[in-house]
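**Student:** Pasting a predicted model and its sequence here:
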Amino acid sequence: MSHPHGAAERAEHIAEAERRCAAANESLTPLRRRVLELLFDNHGPAKAYDLLPLIDSEKQAKPPTIYRALDFLVRMGLAHRIESLNAFVACDVGACARSTIFLICEKCGGAEEFDAGHALVDLSEAAKKDGFSINRTMIEASGVCGACQAAA
């Protein structure tokens, strides 16, 4: 399932996130950056309250501050909110613009992100017939990952 990114990969993602924010006339503030780094380093989806104690103590971060940072990251396409878990994961830069499927492991809590691509062609076509234009779709599937099945 989801695994932490390496330091070089994380630095590359953060640099791209900064470029994206600058292009949108937004700021990747130190707190937003730190929350994004924590999402990249996390082994699976993280809740705001999971991130709170990991924020440097001198920042005096409060839950609403973390939620605002997470909302910003989702809006900028830098993170996903997994509704069923009320948790967040970092996404590949630019990946949030596509349709996504999350496979969520009920045992280890990991979440694997896949490009929904062709899996949603029928849905898109059906929506078009009804005059509806889909901008983005996210599907969450719950089950048991291969590693947990092998460990059983």
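**Tutor:** Good, I have the coordinates.
**Student:** How much space separates the residue in the chain sticking out farthest from the centre from residue 136?
**Tutor:** Note on the chain: the largest C-alpha distance from the chain mean falls to residue 129, namely 30.8 Å (CA atoms, centre = their mean). In this structure, residue 129 and residue 136 are 19 Å apart, going by CB to CB, to the nearest Å. For every residue, glycine as well, the C-beta is placed using N, CA and C.
**Student:** Can you list phi and psi of the residue lying closest to residue 82 once chain neighbours are set aside for me?
**Tutor:** Leaving aside its sequence neighbours, residue 82 sits nearest to residue 45 (CB to CB, 6 or more residues apart in numbering; 5.1 Å). With angles defined as degrees, to the nearest 10, residue 45 shows backbone torsions of phi -60, psi 140.
**Student:** List the contacts of residue 45.
**Tutor:** 2, 82, 85, 87-89, 104, 109, 111 (CB atoms under 8 Å, 6 or more residues apart in numbering).
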